[in-house]
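Undergrad: generate coordinates for the sequence data below:
(one chain, ligands or ions: 1)
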Amino acid sequence: MNNNSSFSHKSQEPENSVLYVVGTPIGNLNDMSFRAINILKNVSLIACEDTRQTKKLMHKFQITNNLISFNKYNSFKKIPRIIDDLKEGKSIAIVSDAGLPSICDPGENLVKAAKSNGLNIICIPGPCAALTALVSSGFPSSKFTFQGFLPKKRKDREEVLKEISECEKTSVLYESPHRLKKLLIELKEYCGKERKIVIFRELTKKFEEHIGTNAEMILNFFDRKEVLGEITVVIDGIQNDKFLEFDKFELRKELNELINAGLSLSSASKYLAKKKGLTKNMVYSLY
Ligand code: SAM
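TA: Numbers count the residues shown, from 1 in each chain. Predicted coordinates for the structure are as follows:
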């Protein structure tokens, strides 16, 4: 157990009483690391999101070990027992179906519980769809915002869409294939026609595809086609220089005139945005 904030690696892994957060491939099994295989072979127990999925991985790398299921439905029930096992000296690994546990996957609450019980946590880094897409996008990648899956509730969703539309950094998000078209329509509305967007389908797999360069083009690409596979969406940050090209004072004046003439703020912003090639939110926020 570690009650200090300092922690150093021992030469022999896995160590007793350590929770290992192990990254696994997001499609291409050759991305599995030697260190991850060693940990999964030698920990006392592997907590995994879906035992069937992890068994496939174990079979590929000839790993035999004890598995327990640990997912969003049973995690709160399972955490106390895992913490007790760690305290008794067991080493435990957590894996998700693909990628890094805790990134839109189970793991976060277990790590939190282990930490608050003074236990050590070691992450064995591995692939993550968000970062793989980000660094392939060509958009600025040293500062970015990760949004995970967008909320489904309308109000919360609109808030995040607005945040993305005004964000200066690159935004990365996950989306399921059957909701992609709806999301692209929303992104077009919030971020404008010209905002650069690339979607990454089936990263690291045989039929990996990068489709861009803006919402309309991607929608055209999928016109009358079913979207299949796993998708990560990367959105360029707002180009502030574009906004600076416009005199905000003049723009605000025009907006006021339209409102005084009887248009609602929403309609006036929409009209001006279209006229000037800006997003509705850019104009709206001037009011
Ligand atoms: N923990 C995972 C990670 O580290 O990337 C993410 C798990 S989250 C439940 C699954 C979502 O990640 C998918 O719906 C998709 O948006 C994205 N994703 C996972 N694998 C992908 C891949 N090979 N290509 C594109 N996106 C992927």
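
Undergrad: how about F149: which residues does it bridge to?
TA: Bridge pairing for F149 (DSSP bridges) gives the partners Y174.

Undergrad: surely it and C104 touch.
TA: Yes - judged on Cβ atoms under 8 Å, F149 makes contact with C104 at a distance of 6.4 Å. (C-beta placed from N, C-alpha, C; glycine too.)

Undergrad: neighbour count for those two, which is higher?
TA: Between F149 and C104, counted using other Cβ atoms under 10 Å, C104 has the larger neighbour count: 18 against 12.

Undergrad: which SS class is that one?
TA: The three-state label given to C104 by DSSP: H, G, I helix; E, B strand; the rest coil is coil.

Undergrad: ok, back up a step: give me the common contacts of F149 and C104.
TA: Y174 (Cβ atoms under 8 Å, 6 or more residues apart in numbering).

Undergrad: next, the contact list for the residue nearest to Y287 when sequence neighbours are not counted, please.
TA: Excluding the flanking residues, the one nearest Y287 by Cβ to Cβ, 6 or more residues apart in numbering is L265, at 5.7 Å. L265 makes contacts with L255, I259, Y284, Y287, as judged by Cβ under 8 Å, 6+ apart.

Undergrad: list the residues that contact the last one.
TA: With contacts taken as Cβ under 8 Å, 6+ apart, Y287 has the following neighbours: R252, L255, I259, L265, S269.

Undergrad: how close does it get to C48?
TA: Distance of Y287 to C48, computed by Cβ to Cβ, to the nearest Å: 51 Å.

Undergrad: wait, isn't V172 in contact with V234?
TA: Yes - here V172 reaches V234: they are 5.4 Å apart, a contact under Cβ under 8 Å.

Undergrad: what do the two both touch?
TA: Counting by Cβ under 8 Å, 6+ apart, the residues touching both V172 and V234 are A133, L134.
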